[in-house]
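# sequence first, predicted coordinates after that:
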Amino acid sequence: MRPLSSEGLPKRERGSHRRGTRRDRQRHYLWALALGVGSVCLLLAFLSYAPEDQPNVSLRWGDILGLLRADPEARLKAETTQNWLGLLGAVLAHLAIVVGIGYWALALPLLMGWWAWELFKRGMVSVAVWRRSASVGGIALLLAVFVGALRGIPPLAELPLEWSGQVGAFVGTVLRQLAGTAGALLLTMAVAAVVVLVEFPRLSERAISWVRLLWARTRDRWEQRRQRPVAAPSASSSGEDAEKLDKWEPARIVRIAVSSRGYTQPVTESSSGEALLQGASPMVLQPVVHPQHIRAPKSQPPVEVPSERAKVLTVPSGEQAEYTLPTAGLLLPGEDALEVDEEELRRNARLLQEKLETFRIGIENLTVTPGPIVTQYEFVPAAGVKISQIEGLADDIALALKAPGVRIIAPVPGRGTIAVEIPNHRRVLVRFRSIVESPVFQQSDALLPLGLGKTITGEVYCADLARMPHLLIAGATGSGKSVGINTMILSLLFRLRPSELKLVIIDPKKVELTPYAMLERHFLALSPDIREAIVTTPDSAVVVLKAVELEMERRYDLLAQAGQRNIVDYNRRIREGKLDSRFRPLPYIVLVIDELADLMLTAARAVEEPITRLAQLARAVGIHLLVATQRPSVDVLTGLIKANFPARIAYQVASRVDSRVILDMPGAEQLLGHGDMLFLPGGVPKPIRLQNAYVSMEEVEAVCAFIAQQPGCEEPYWLPSVSEQGATRESGAGGRDPLFAEAARLVVRHQQGSVSLLQRRLKIGYSRAARLMDELEAAGIVGPADGSRARQVLIRSEADLEGIV
């Protein structure tokens, strides 16, 4: 049976349960307080240990009673004691340091402080903490024994007893007599190493890395003395190339570039006068580099930038006049600092060179650029090496480096180099808060800023949806596509106000974007024909798409009346007071479709036409599309849709074919998932690799709740009603197709209600001819459809059409 919680108990038992829980908590706090005070007292006593207190530590009960009776001898002992805790502290320090294990007994108060913190924080000391504590105590004992064994070496025979204590000296002496001085030292070091390897694996890994790095530096110094510079092979002939390549000197790492943007503010000079990193400038490595790790500091504090958006648009009537933008405090803290393992970078560079030399490919000027997810190894190929030779080696390089996937950029646009992107052993989680707090995002002048994430150099990347002007997103399940959509929506919510932005959200999966439903009176644009704030059904999606299409046409009519070309000029003229009062500012509308494949499977033609038309025409009137799918196939992302979406994002996909569908090039199949993506802006030949910022559903709900608790608009932003206007793509002023009259006369003249007749005579497509036939049926000119046969014509002569047409 499942145990009942306190909510399922009767009232009397529930009260006793709560009292018992409160008593347990109080008992834990008391134990934590006692351990904390005891640890501080022991630490003070041990730190103030003085050998001069030795004559005073032989206390008896009579001495304590003598203090109470003001005995001169007992008072003299108390006054001459140097320990900070008096006679009691001197006795405790003597027992732990002299009688016990020497100065290594300092581990005891530190462990007691750890136990107190665990009790205060979690209400218990876990088994793992006890095990770690026992390991620390064992290491302290082994250190005391090690020092005791050192006394067997003549120069160290007079070591003070305080370094080992009587316990350490006794055990060390026994081991020295059994195994000799060398055996005792090796035995204690071996046992201590085993304890560290088992209980502290991370510390042991760093120690091993340090030893490897020291060995690599020593070996590099030795090789530098032996080797001489060899010129690069020329491309005179294949025979000479092969002969010179045998003498080719392996390329050295000329620099490891660590970008500081996104992690710390630029620093030009340190206190000692040494130049430091600034921007993305590379850090040139000297032959000897002392630090084991290069750690980029955490992000600088957020820069408070006054929002210029408040001055851009006036607030229409019915909109809220006071609105507070969300703050970064609603989000989880940013990621840890980027930690670069130089030894790992050098090892990968060496393996990369060896693999390329296996295929007789020489390289030079190798540059290493570490990032949060991948590290880019950029080099110049030797003369005579074809790019096609390197492009086909991705799988071989991945096998040599034991990497899940390797991406090759050949060539890097505008650089004259080739780059190999290799996944890091340890990934850094990029959180959305680090994007929001960055100056790149806060100071961006983008109209619709999208904080997409960070580049491979750790720099924050912010794009402008208004310039794209539409974005197509594709990725397999679990690749981070839904998180990316939430990141983009939150980017808009953190920078724009309800008077500047409206969202139309279509979520056929019904679970990903539901938190935004609480923004109905703030940021959502609704259709009066449906009752859903977040559209979830294909039929409702078709209605909403047509409503957005009608909104686009209405805005074009409004801009034509105002004599303006686009929404930016229109809103600026209103802000300057150069248009009369009947014109109101227009907010941007962002249409978000989370899963296009579900809509295309059920209503492909009805969905494709409005999306295509919006993508072609809606940019000028401030309507932009974010369309995502997890199935980037040609039947979902048709040619008409792709042609009008120049900006695209590809997360990890299943195959190279899917990558070609979304990006028109391979590469997305080699991504790592979990937000690893390729962003292809319009007009750029090669995509940009980014790590999407992570935002949890709890953070999304917190931001939406913060906005929802503010006073909303009196009325939601209503889109035009499709049912009232009945408009179609070719609709005229009267709600009918402009060819309706001609089609009616043609059908009556031939007495044949056939769609193919309208196609042939009017030279139109099937879709328009079928809609014309439906309009003729609604007007009573032809009868209903009868299978594959032509419809019955109900009007006998053209003269009878005068009252209908």
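Sure, I can see it. Numbering: from 1, shown residues only.

# after the host helix or strand of W115, next one along is what?
Per DSSP states H and E: W115 is located in helix 107-122. Using DSSP H and E, the next helix or strand after helix 107-122 towards the C-terminus is helix 127-150.

# state the distance from the nearest residue to A654 once chain neighbours are set aside to S655.
Closest residue in space to A654, ignoring its immediate chain neighbours: A476 at 5.4 Å, by C-beta to C-beta, 6 or more residues apart in numbering. Placement of C-beta: from N, CA and C, glycine included. From A476 over to S655 the distance is 10 Å, taken as C-beta to C-beta, to the nearest Å.

# between those two, who's got more neighbours?
A476 (20 against 13; other C-beta atoms under 10 Å).

# how about that one, secondary structure?
At A476 the chain is in coil, as set by DSSP: H, G, I helix; E, B strand; the rest coil.

# so it versus V636, what's the distance?
From A476 to V636 the distance is 13 Å (C-beta to C-beta).

# ok, P716 next?
31 Å.

# could you do L490 as well?
26 Å.

# of the two, give the one with the bigger neighbour count.
L490 (25 against 21).

# ok, the more buried one - contacts?
Contact analysis of L490 by C-beta atoms under 8 Å, 6 or more residues apart in numbering lists F432, V695, E699, V700, V703.

# now what about the helix holding W115, what contacts it?
28-29, 31-36, 38-43, 46, 96, 124-126, 129, 133, 136-137, 139-140.

# and with 10 Å instead?
27-47, 96, 100-101, 124-126, 128-130, 132-134, 136-141, 143 (C-beta atoms under 10 Å, 6 or more residues apart in numbering).

# likewise stretch 24-31?
W115, A116, E118, L119, F120, K121, R122, G123, M124, V125.

# make a ChimeraX selection of the buried ones in the residues you listed.
Paste this into ChimeraX to select the buried members of the contacts of stretch 24-31, with burial taken from 16 or more other C-beta atoms under 10 Å:
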select :115,116,118,119,125
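
# want to throw the contacts of stretch 24-31 into a markdown table with pLDDT?
As requested, the contacts of stretch 24-31 are exported to a markdown table (pLDDT from 0 to 100):
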| residue | pLDDT |
| --- | --- |
| W115 | 89 |
| A116 | 89 |
| E118 | 86 |
| L119 | 86 |
| F120 | 85 |
| K121 | 82 |
| R122 | 79 |
| G123 | 80 |
| M124 | 81 |
| V125 | 82 |
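
# what's the end-to-end length of stretch 147-167?
11 Å (C-alpha to C-alpha, to the nearest Å).

# sketch out the low-pLDDT regions of the stretch 351-500 of the chain for me.
Regions of the stretch 351-500 of the chain meeting the criterion pLDDT under 70 are absent.

# tell me where it has strands.
363-370, 374-381, 407-409, 418-423, 449-455, 460-464, 471-474 (DSSP state E, counting those that start in this stretch).

# what lies in contact with the shortest one?
Contacts of strand 407-409 from elsewhere in the structure, counted by C-beta under 10 Å, 6+ apart, are 374, 376, 378, 387, 390-394, 397-398, 415, 417-423, 666-672, 676, 678, 686-687, 689.

# show me how this structure divides into domains.
Following automatic domain parsing, one finds the domains of the chain at 21-203, 432-712, 728-801.

# could those domains go into CSV alongside distance to R219?
Shown next, in CSV, are the domains of the chain (distance: least, C-beta to C-beta, whole Å):
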stretch, distance to R219
domain 21-203, 24
domain 432-712, 29
domain 728-801, 72
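
# looking at those domains, which is buried most?
domain 432-712 (a mean of 20; mean count of other C-beta atoms under 10 Å).

# out of the contacts of L490, who's nearest R531?
The nearest member of those to R531, counting by C-beta to C-beta, is V700 at 23.2 Å.

# just the element for that closest one, please.
helix 697-708.

# from the centroid of this structure, which residue is nearest?
A693 (2.6 Å; C-alpha atoms, centre = their mean).

# touching, that residue and V460? I think so.
Yes: under the criterion of C-beta atoms under 10 Å, A693 is in contact with V460, at a separation of 8.8 Å.

# between these two, which contacts overlap?
V430, S434, I435, V436, G451, L452, G453, K454.

# helices along the stretch 1-150 of the chain, start to end?
11-47, 61-68, 72-80, 86-93, 107-122, 127-150 (DSSP state H, counting those that start in this stretch).

# I appreciate the help and will end here.
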